[in-house]
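# sequence and computational prediction follow.
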Amino acid sequence: MRESSKTLAVLGPTNTGKTHYAIERMLAYRTGVMGLPLRLLAREVYDKIVALRGPSIVALVTGEERIVPKGARYWVCTVEAMPQGTGADFVAVDEIQLSADPDRGHVFTDRLLNMRGTRETQFLGSLTMQAPIASLIPEIKFIRRERMSQLNYIGPKKISKMRPRSAVVGFSVDNVYAMAELLRRLKGGAAVVMGALSPRTRNAQVEMYQNGDVDCLVATDAIGMGLNLDIDHVAFSGLVKFDGRRMRNLAPSELAQIAGRAGRGMSDGTFGVTGDAPELAEATVKAIAGNRFSPVRRLQWRSNRLEFTAIDHLVASLETRPDNPILQRASASEDLTALKALADMPRIRALAGDVDAIKLLWQVCRIPDYRKLGDAGHAELLSLIYLDLHKNGRLREDLLSGQIKQIDRTQGDIDALSKRLAFVRTWTYVAQNRGWVENESHWRGVTRAVEDRLSDALHIALTRRFVDRRTSVLMRRLKQKEAMVAEVDENGVVTVEGEFTGRLEGFRFIQDGATGREAKAIRQSSLKTLAPHFNLRADRFYNASDTEISLTEQGGFIWNGHAVGRLVAGKDAFKPEMAAFVDDAVDSDVKTKVERRLRHYADRKISKLFEPLLNMRDDSKLSGSARGFAFRLLENFGIVPRDEVVNEVRDLDQDTRAELRGHGVRFGQYTIFMPLLLKPAPTQLRLILWSLKNGVAEFPQAPPPGLVTVPADVDGSANYHTLCGYHVAGSRAVRIDMLERLADMLRNEDRRGGFEANPDMLSITGMTLDQFAELMRGLGYNADRGEREKPRREMSLSDQNTETSDAAKSSVDTSISAKIESDDGSEIKSANLPPDSVQAKAMADTEVESPAGAGAKAENIADDPMGEPDVQVYYTFAWAGHRKGGETGKKRAARKGRSRGGQKKPNKIKPNPEKREKIDMDNPFAAALFNLNFEK
């Protein structure tokens, strides 16, 4: 060992400018060598010096990278790659406290003891190294550097609360990935920095962090080794690490080395814990904040005087014990473990029989295990390389190209790319060794190109997995208060600065499924840039024609396929209020304009569809009694069951009725209504307005247009069928206007003595005889079923077929047309209805059977003269109030002039036309007839 008066130990905590001071001192000399603990840090320092002095005089030498210009004067290296015997004026070794590291410590200790500059030497590191350095180099001069800013502990903090410019530190790949994934969901993403990354990948990740694309960084303890980043807060996600041999707690000095990266220059920094990490002990916090740690007592050492006469001699020299108590023999390091493994291979031992062969073997054993496949896997690869080098003097190109070809693939996930990147580092290291390959510059270029491609692919994979680029871009623009451009395509897709953010539906921005801070960023940036689009869209809507807007069955407004508002209850049932669907963050002028347009549309629609009713309301010439009854119609939206206003109707004189009829009011036997308001459009609007008035949550739906009868909804509102324009009779409801036509037919029948249904009655209702009987019972009639023999008549076979076919066709056509006739007389073809539509299902409720005669089936129209007589079913209908109690079927048949067998008697009993029939006022048809006669 030799001391130099120019040997300095520059010691102090992080953020004291030690590395910067060493660079300045080196550049003050003509030549210099600087050793750094990491390839990443070496690249960072190299780039700084190149920026100051240019690339022509600066060399970079690491295990996998070698940039050596011919006129190189300053050498930046990893500590293992520092050139020996260069005679440089200046030598510096950074992070000298790593001399105590079990794996690499012996290399740092060797540089401490043996590496010197001719004019100045600096060892940079922690204050914990002062005692051992002073003991080993008594003449050394110490320079103590104080931290330029304060470092404070703030305790635990949730990831969701992590502020910008924070670094989350983990001690395993899985932990780093988990933290990065969490930050992506909560904060939009994070950059990832690990020692295993190539400089190219690391720089790309750091650039995202430094330029603000992401606010947080997730890293291993690699950031503690001099990587200079703009970090305000360091959060430990764990306090335990695997050191290659066992899981152990981190020492306070190790935590301080990492925590010290918070706060650069004169800016204070903070540190704490997050995730599952326990709180730091008070003593540890005080030690880190005050930079007070136990001194390093033992340094790792390995002899540099190696014996190459035999493999066993080489192993023995590497295991030599030091004679200084401060020095500790290094445990089995990676290269020594590999040497022992190869020495146990008979073929290798046989070949390594001379000094040159043993030196070559030792060189091969020093190839780092980048792949981390274990001692056996690493030894297998090293044996392959050694055997080829020993046999051929150089590695065969086919071996090298074959190995690299397997690696040169950029497909796959992060783990696959990381493994390939680790594999290629092995061959990059091999290509850097002089004399190992035929064309060194070519293979160095090939391996470097493969590493760059894999590095770029890994950066993309890391970014894709752990960074939401969209959120990062938008958040950065928001913080920088830059103007952003939003675009909305014809389908309503919204992009801000080229990033998809959601859709514009009507006047509401519907963002994608983002959550947390990501969702907030998307919404803020999108609404901020969409303001002009909302105003433009509001102008278009205001000038749109009524045909472009539609009103749904639930009172909603649709424009261009999107909901833009809905009706809400107002003070006047015919003047509902408008609720526009406009984003809360949009300018109030937009909402006002949308509501005004909706009001115009609704007012015109209500005025058009309820024109006769509103005209009657506004007729100032109506008499008092007419105005009172008109009010009853108005509050019931134009339809009032007669039994609800029977007294009021009775009190109306003929002049009053005439006034009301002049406005289209019809006084029916069962309902007082306006026929024009029975059409589908007014009916649906009536249901909407009634629902708003009565606070109904889900508005009822009108029956399909054109159906004469529908099943009675026993669970629905008592007013439902009336509002729809139907009258409930038994299990079915009949359309009001058709019921009035039926009533007109029944006036001419013998309602007291009884009558049978004729084909016109069945046709107008579209029912079978049995269904018609059920309807009549619901209207207050008795329906007595009977059977009789059908009359026979002679006809040819062809006549029978023709009549049967025509009758069946006529019957079916009549029934269908009756069922699907609409309010305005138009016919809706059932063939055009989808089989699963509401209309088709409602039509299916009514069977299509022949109403001919008294309900005979079509196939029974022609009797078989050789067979049994056909039986015909018939019903006798009579008003229930006049049915004679206890009358038997035989008596009824006799009264009707028929025998028990169903044959009609030749002398049919006819009612006496001279006999005045007493009017039953309980019969609504009779009462109507009485009123009609009275009016006449």
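All right, it came through fine. Numbering: from 1, shown residues only.
# for residue 709, phi and psi?
Dihedral pair for residue 709: phi -130, psi 150, per degrees, to the nearest 10.
# do residue 104 as well
Dihedral pair for residue 104: phi -110, psi 0, per degrees, to the nearest 10.
# what does the one 10 residues further on give?
Main-chain torsions, residue 114, degrees, to the nearest 10: phi -120, psi -10.
# surely it meets residue 304?
Yes: Residue 114 is in contact with residue 304 according to Cβ atoms under 8 Å; the separation is 6.8 Å. Every C-beta, even on glycine, is put in place using the N, C-alpha and C of the backbone.
# ok, residue 14 - contacts?
By Cβ atoms under 8 Å, 6 or more residues apart in numbering, the contact set of residue 14 is 147, 224, 256, 257, 260, 261.
# repeat the analysis, applying 6 Å as the threshold.
By Cβ atoms under 6 Å, 6 or more residues apart in numbering, residue 14 lies in contact with residue 260.
# check residue 640 too.
Here residue 640 is in contact with 632, 633, 672 (Cβ under 6 Å, 6+ apart).
# in a strand, it, correct?
Yes: Residue 640 forms part of a strand when assessed by DSSP: H, G, I helix; E, B strand; the rest coil.
# if I look at it, how far off is residue 711?
Computed as Cβ to Cβ, to the nearest Å, the residue 640 to residue 711 distance reads 24 Å.
# same check on residue 465?
59 Å.
# comparing the two, which residue is more hemmed in?
Shown here are residue 465 and residue 711; by other Cβ atoms under 10 Å, residue 465 has more neighbours (15 against 12).
# need the three-state assignment for the more buried one.
Three-state call for residue 465 (three-state DSSP): helix.
# excluding residues flanking it in the chain, which one is nearest it?
Spatially, and ignoring its direct neighbours in sequence, residue 465 is nearest to residue 414 (6.3 Å; Cβ to Cβ, 6 or more residues apart in numbering).
# that neighbour against residue 461, yeah?
Yes: in terms of Cβ atoms under 6 Å, residue 414 counts as a neighbour of residue 461; the distance is 4.8 Å.
# show me what the residue nearest to residue 555 when sequence neighbours are not counted is bridged to.
Leaving out its chain neighbours, the residue that sits closest to residue 555 by Cβ to Cβ, 6+ apart is residue 567, at 4.1 Å. Beta-bridge pairing for residue 567 (DSSP bridges): residue 578.
# neighbours around residue 567, how many?
With other Cβ under 10 Å as criterion, residue 567 counts 24.
# for it, give its distance to residue 598.
Distance, residue 567 to residue 598, by Cβ to Cβ: 8 Å.
# check residue 213 too.
With distances taken as Cβ to Cβ, residue 213 is found 44 Å from residue 598.
# ok, now residue 54?
Remark: distance between residue 54 and residue 598 (Cβ to Cβ) = 71 Å.
# okay, these two: which has more neighbours?
Counting neighbours by other Cβ under 10 Å for residue 54 and for residue 598 shows that residue 598 has the greater number, 24 against 10.
# so which elements touch the one helix or strand the more buried one maps to?
Secondary-structure element containing residue 598, defined by DSSP states H and E: helix 588-609. Helices and strands touching helix 588-609, by 3 or more Cβ pairs under 6 Å, 6 or more residues apart in numbering; DSSP states H and E, are helix 516-542, strand 575-580, helix 680-694.
# could you point out which element follows that helix?
Sequence order places helix 611-617 as the next helix or strand after helix 588-609, per DSSP H and E.
# surely residue 214 forms part of a helix?
No: under three-state DSSP, residue 214 sits outside any helix and is assigned coil.
# let me know the pLDDT of it.
pLDDT recorded at residue 214 is 88.
# how about residue 3?
Looking at residue 3, its pLDDT reads 44.
# break down the stretch 401-550 of the chain into its helices, ranges please.
Remark: helices assigned in the stretch 401-550 of the chain by DSSP state H, counting those that start in this stretch are 414-432, 440-466, 469-479, 516-542.
# what mean pLDDT does the first one get?
When the per-residue pLDDT values of helix 414-432 are averaged, the result is 91.
# hmm, back to that, and the helices of the stretch 401-550 of the chain, which one's lowest on average pLDDT?
Per-stretch mean pLDDT for the helices of the stretch 401-550 of the chain is lowest at helix 469-479 (a mean of 65).
# which residue ranges of the stretch 51-200 of the chain form helices?
Applying DSSP H, counting those that start in this stretch to the stretch 51-200 of the chain gives helices spanning 105-114, 130-136, 173-187, 199-210.
# run the chain-centre distance for the first one.
What that stands for is helix 105-114. 56 Å (Cα atoms, centre = their mean, to the nearest Å).
# please name every helix or strand in contact with it.
Against helix 105-114 (3+ Cβ pairs under 6 Å, 6+ apart) you get strand 299-301.
# tell me the strands beside the strand it packs on, with direction?
Strand pairing for strand 299-301, using DSSP bridges, gives strand 327-329 (parallel).
# what does whichever helix or strand comes after the partner strand contact?
Using DSSP H and E, the helix or strand that follows strand 327-329 in sequence is helix 334-343. Applying Cβ under 6 Å, 6+ apart, the contact partners of helix 334-343 are 311, 318, 348, 349, 365, 366, 369, 375, 379, 382, 383.
# now do 8 Å
With contact meaning Cβ under 8 Å, 6+ apart, helix 334-343 is reached by 103, 311-312, 314-315, 318-319, 332, 348-349, 352, 361-362, 364-369, 375-376, 378-379, 382-383, 386.
# just the buried members of these?
Buried residues within the contacts of helix 334-343, counting neighbours by 16 or more other Cβ atoms under 10 Å: 311, 314, 318, 348, 352, 361-362, 364-369, 378-379, 382-383, 386.
# quick check: the gap between residue 267 and residue 147.
Taking Cβ to Cβ, one finds residue 267 at 12 Å from residue 147.
# ok, now residue 733?
89 Å.
# doesn't residue 557 belong to a strand?
Yes: counting by three-state DSSP, residue 557 falls inside a strand.
# list the contacts of the nearest residue to it once chain neighbours are set aside.
With sequence-adjacent residues excluded and distances taken as Cβ to Cβ, 6+ apart, residue 557 is closest to residue 565, at 4.5 Å. For residue 565, the contact set (Cβ under 8 Å, 6+ apart) comprises 556, 557, 578, 579, 580, 581, 594, 595, 598.
# scan these and report the most crowded one.
Taking other Cβ under 10 Å as the neighbour criterion, residue 594 ranks highest of these with 26 neighbours.
# could you double-check that that one sits in contact with residue 538?
Yes: with contact defined as Cβ under 8 Å, residue 594 reaches residue 538; the gap is 6.0 Å.
# overlap of the contact sets of these two?
Residues touching both residue 594 and residue 538 (Cβ under 8 Å, 6+ apart) are residue 507.
# what number of residues lie near residue 604?
The number of residues packed near residue 604 is 11, by other Cβ under 10 Å.
# where does the stretch 651-800 of the chain have low pLDDT?
By pLDDT under 70, the weakly predicted segments of the stretch 651-800 of the chain are 714-718, 792-800.
# let me redo that: the chain
In the chain, residues with pLDDT under 70: 1-5, 226-227, 470-485, 497, 513-521, 714-718, 792-869, 881-936.
# how close does the nearest residue to residue 348 once chain neighbours are set aside sit to residue 350?
Closest residue to residue 348 apart from its sequence neighbours, by Cβ to Cβ, 6+ apart: residue 342 at 4.7 Å. Going from residue 342 to residue 350 by Cβ to Cβ gives 12 Å.
# settle it for me: which of the two has more neighbours?
residue 342 (22 against 9).
# and that one, how far from residue 366?
According to Cβ to Cβ, residue 342 stands 12 Å off from residue 366.
# what touches both of these two?
With Cβ under 8 Å, 6+ apart as the test, residue 342 and residue 366 reach no residue in common.
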